[in-house]
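**Student:** Need coordinates for the following:
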Amino acid sequence: MSDRPSTPLLDQIARPADMKGLSDTQLVQLAHELRQETISAVSTTGGHLGAGLGVVELTVALHAVFNTPRDKLIWDVSHQSYPHKILTERRDRIRTLRTKGGLSGFTKRSESPYDPFGAAHSSTSISAALGFSVARDLGGVVPEGLGEAIAVIGDGAMSAGMAFEAMNNAGHLDKRMIVILNDNEMSIAPPVGALSSYLSRLYAEEPFQELKAVAKGAASLLPEPFREGAKRAKDMLKGMAVG
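**Tutor:** Next comes the predicted model:
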């Protein structure tokens, strides 16, 4: 795939702040163009395509709702970060992925302030997010300040012991942080084991479906501006699913 895709809306986005004024319809279009750009770039450079394609809509939603890099967005594993890199001032170098002197195939702190934590195959995102949350509450002085801490962890990485250790510690410290489980039933290969089977059963059972129904109205309980942000993300993802 040598031809560049047509991406008129993505061409206007140099950084996440440029997304703040977009409508929900435009965000849906942006996700479509971001997917095409990711496919085009990886077809040129090589790399892990599936992980990035699985989080295109999520990446758009997160950057539209949160204020990165003040809010710390941590990808685990960071093969998911190709769309994130395109939206965070690195699109002009995206076709240098995994080449000497080019962009890293993972998140890398020295590469961008939008990569607050360097990770590859790690299961460390929850621990890292907890660390940022503790630092925020301690009131440490850092150049851009510390906002929310968001960990995006896949179902494969979630099965590692380090992730459970982090959840145990996070529950004990009771810090405000956000953990997103990207349960797409795919790591490097389809996952196996007790945790994967348990999650599949959990989602299919009646209690979870009832909780899902209750959660649809939970946005009204959130403080502003998270209430509006949650509504926008929900509407955008719904539109993507229909489209």
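
**Student:** what about the helices in this structure?
**Tutor:** Under the criterion DSSP state H, the chain contains helices at 24-45, 49-53, 56-65, 82-85, 125-138, 161-173, 194-204, 206-215, 226-242.

**Student:** so how far is the second one off the chain centroid?
**Tutor:** Relative to its chain's centre, helix 49-53 lies at 12 Å (C-alpha atoms, centre = their mean, to the nearest Å).

**Student:** Tell me the buried residues in that helix?
**Tutor:** Buried residues in helix 49-53, counted by 16 or more other C-beta atoms under 10 Å: 51, 52, 53. Using the backbone N, CA and C atoms, a C-beta is placed for each residue, glycine as well.

**Student:** least confident pick among these?
**Tutor:** Lowest pLDDT among those: residue 51, with 82.

**Student:** Compare the helices of the chain and say which comes out lowest on pLDDT.
**Tutor:** The weakest mean pLDDT among those belongs to helix 226-242, with a mean of 56.

**Student:** from the buried residues of helix 49-53, which single one is nearest residue 89?
**Tutor:** Nearest to residue 89 among the buried residues of helix 49-53, counting by C-beta to C-beta, is residue 52 at 17.2 Å.

**Student:** If we ignore the residues flanking it in sequence, what's nearest that closest one?
**Tutor:** Of all residues not flanking residue 52 in the chain, residue 82 sits nearest, at 3.8 Å (C-beta to C-beta, 6 or more residues apart in numbering).

**Student:** List the buried residues for stretch 55-74?
**Tutor:** Within stretch 55-74, judged by 16+ other C-beta under 10 Å, the buried ones are 55-66, 68-69, 71-74.

**Student:** how far away is residue 112 from residue 92?
**Tutor:** In this view, residue 112 and residue 92 are 13 Å apart by C-beta to C-beta, to the nearest Å.

**Student:** go on, residue 114?
**Tutor:** Counting by C-beta to C-beta, the gap from residue 114 to residue 92 is 15 Å.

**Student:** Looking at those two, which is more packed in?
**Tutor:** Neighbours per residue (other C-beta atoms under 10 Å) separate residue 114 from residue 92, with residue 114 holding more: 21 against 9.

**Student:** State the pLDDT value of the nearest residue to the more buried one once chain neighbours are set aside.
**Tutor:** Nearest residue to residue 114, sequence neighbours excluded (C-beta to C-beta, 6+ apart): residue 88, at 3.8 Å. Looking at residue 88, its pLDDT is 98.

**Student:** Now for residue 88, how many residues are close by?
**Tutor:** The tally of other residues near residue 88 (other C-beta under 10 Å) stands at 23.

**Student:** Contact partners for it?
**Tutor:** 15, 16, 63, 68, 69, 112, 114, 115 (C-beta atoms under 8 Å, 6 or more residues apart in numbering).

**Student:** Surely the third one touches residue 16?
**Tutor:** Yes. Using C-beta atoms under 8 Å, residue 63 and residue 16 qualify as a contacting pair, with a distance of 4.0 Å.

**Student:** separation between residue 47 and residue 95?
**Tutor:** From residue 47 to residue 95 the distance is 11 Å (C-beta to C-beta).

**Student:** Please report the number of neighbouring residues for residue 28.
**Tutor:** With other C-beta under 10 Å as criterion, residue 28 counts 20.
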